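J.: Need a 3D model of the following:
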Amino acid sequence: MSEETNRRGFLNKAMISAAGAGAALGLEERILLAALQDNSQTGEYKQDETDNFENQTLPCGKIGDLKITRVFLGGNLIGGWAHSRDLLYVSKLFKAYNTEAKIFETLQLAEQQGMNTILIDPVSQDAVEKYKRQRGGKIQTMVCMHPAENKTVVADEIKRLVDNGATTLYTHGAVTDQCVMKNDIDSLGRAIDLIKQQGLKAGIGSHSLQTTVASEKNRLDPDYYVKTFHFDRYWSATPKENRQPWCWYKGQSPTTTSITTTSFASTRKRRRHIWRQSRSPGWRSKSWRPGPFRLASDSLTPCAAARISS
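T.: I've put the predicted structure just below:
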């Protein structure tokens, strides 16, 4: 019996038993019980009569001939990466919540509302491709890969991701930043070239604007950028006077937070200046600022987002 069936079965029996014993079910419990009984067999999202998701369309941006909706999904929560600071249990909670059936339901709902792309880590790629095979989905995948000095290893990873259905590939943000820290620009350029050789659009991901600057300076010529961009006005943020470049990656004291994750308030003008000079458009991920390009679900922040800057 599948994990999903066990979970649904347990909740179903527990709530029915509670009702049978005379326990008063609240509105939320009654809704949950009805949903469990309605979807217990397939876990498939069922439209309500008031839903109007069929044939929905959203504005799109284009990277060459690749058309991407201006609102698309982020895959961090599916993979278990939740930016929850001191709430240490949250990542495990999201991984437990996002069963295969729940992932399928999320992707189906997103497509019904017009989204056509999800940004994911390779660990989530199999689930998305299985959804497409079983549910007939057409959602595109923007998958991260890991640049490295070993060309054979990188080429093999790229080929595996392409063979598994990736629509476009970009370099993993943290790994890319560390390449720039080590001045290993060749590994980034090689990764971009290998992706393009497979016929896909190639992007560079990062948490630091220094990575974007290094890419432009060395003319790596990515087709797009994926860049974090958010406020730093949360309780656990290190005071600005204690911040140092790259210190998070260097394993320094947790009382000092890296400024490589670009905050909205302090770098907005600099980011705009750099991207206006860039030859490539870019998505902003983990953004707290509303706007036309948004990642629909990528963290616990109020508004996790991604945008094209072109």
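
J.: how about low-confidence regions in the protein?
T.: Low-confidence segments of the chain, defined by pLDDT under 70: 1-55, 230, 238, 247-248, 250-310.

J.: Just the helices from the protein, written as ranges.
T.: 3-20, 27-39, 76-79, 90-97, 100-112, 125-135, 151-163, 173-181, 185-197, 209-217, 264-277 (DSSP state H).

J.: The spatially closest residue to residue 215 that is not a sequence neighbour pairs with what?
T.: Using C-beta to C-beta, 6 or more residues apart in numbering and skipping residues adjacent in sequence, the residue nearest residue 215 is residue 204, 5.4 Å away. For glycine as for every other residue, the C-beta is placed from the backbone atoms N, C-alpha and C. Going by DSSP bridges, residue 204 is paired in beta bridges with residue 171, residue 225.

J.: Thought residue 216 was touching residue 204, still the case?
T.: No: applying C-beta atoms under 8 Å, one finds residue 204 not in contact with residue 216, separated by 9.9 Å.

J.: Pick out whichever of these two has more residues nearby.
T.: Between residue 204 and residue 216, counting by other C-beta atoms under 10 Å, residue 204 is the more crowded of the two (31 against 19).

J.: How is this protein partitioned into domains?
T.: 3-39, 60-295 (automatic domain parsing).

J.: picking that back up, and the gap between the residue nearest to residue 215 and residue 183?
T.: For residue 204, the distance to residue 183 equals 16 Å [C-beta to C-beta, to the nearest Å].

J.: can you check residue 134 too?
T.: 46 Å.

J.: quick revisit: dump the residue contacts of the residue nearest to residue 215.
T.: By C-beta atoms under 8 Å, 6 or more residues apart in numbering, residue 204 lies in contact with 170-171, 176, 188, 192, 211-212, 215, 220, 222, 224-226.

J.: list the contacts for residue 190?
T.: Residue 190 touches 147, 151, 154, counting by C-beta under 8 Å, 6+ apart.

J.: let's go with 7 Å and repeat that
T.: By C-beta atoms under 7 Å, 6 or more residues apart in numbering, the contact set of residue 190 is 151, 154.

J.: One more: residue 68?
T.: Residues counted as contacts of residue 68 (C-beta under 7 Å, 6+ apart) are 60-61, 116-117.

J.: Who wins on neighbours among the residues you listed?
T.: For those, the largest number of neighbours (other C-beta under 10 Å) sits with residue 117, at 22 neighbours.
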